[in-house]
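[1] For reference, the sequence and a predicted model appear below.
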Amino acid sequence: MLAYLIVLNCDPRKKVIALAKTYFAIQTRKQELSEKEYNKLTEDEKRFYQRDLTRKGNYSLNIAAKNAGIKNFNKFHNFGYKGLIMEKHPTI
């Protein structure tokens, strides 16, 4: 987000800024298109889509944790959930 705001306020005559603006324009358009496609899905299809995104995200997280030396994935994920709870309810 910060990179986007910086690029937005820079001189587009500079090649790197022009390329960055083009990149962000393309990414914005891709997001718009994917949102339109998502909105056309049935509720069941949306649920399966979200489930698949979660599965892929968890897989990536596990790979990164494994590469970082995590051995006990149950504790690793449990601490993640505790962090989410504590963030929303700091008095707990």
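    Here it is on my side, so go on.

[2] Spatially central residue for this protein, please.
    The chain has Gly57 as the residue nearest its centroid, 8.8 Å off, counting by C-alpha atoms, centre = their mean.

[3] Roughly how far does it sit from Tyr81?
    14 Å (C-beta to C-beta, to the nearest Å). For the C-beta atoms, the positions are set from N, CA and C on the backbone; glycine is no exception.

[4] How about Leu5?
    Distance from Leu5 to Tyr81, by C-beta to C-beta: 32 Å.

[5] Tell me which other helices or strands the helix or strand hosting Asp52 touches.
    Element membership of Asp52 [criterion: DSSP states H and E] is helix 43-67. The contact analysis (3 or more C-beta pairs under 8 Å, 6 or more residues apart in numbering; DSSP states H and E) places helix 43-67 against helix 73-88.

[6] C-alpha coordinates for the helix it packs on, CSV please?
    Taking C-alpha atoms only, helix 73-88 is exported to CSV below (Å, rounded to 0.1, in the frame of the first residue of the first chain):
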residue,chain,number,x,y,z
PHE,A,73,3.2,-27.6,13.9
ASN,A,74,0.4,-28.1,16.4
LYS,A,75,2.0,-25.7,18.9
PHE,A,76,2.9,-23.4,16.1
HIS,A,77,-0.7,-23.0,14.9
ASN,A,78,-2.1,-22.9,18.4
PHE,A,79,0.2,-20.0,19.2
GLY,A,80,-1.1,-18.3,16.1
TYR,A,81,-4.7,-18.7,17.2
LYS,A,82,-3.8,-17.4,20.7
GLY,A,83,-2.2,-14.4,19.1
LEU,A,84,-5.4,-13.6,17.2
ILE,A,85,-7.5,-14.0,20.3
MET,A,86,-5.1,-11.8,22.4
GLU,A,87,-5.1,-9.1,19.8
LYS,A,88,-8.9,-8.9,19.8
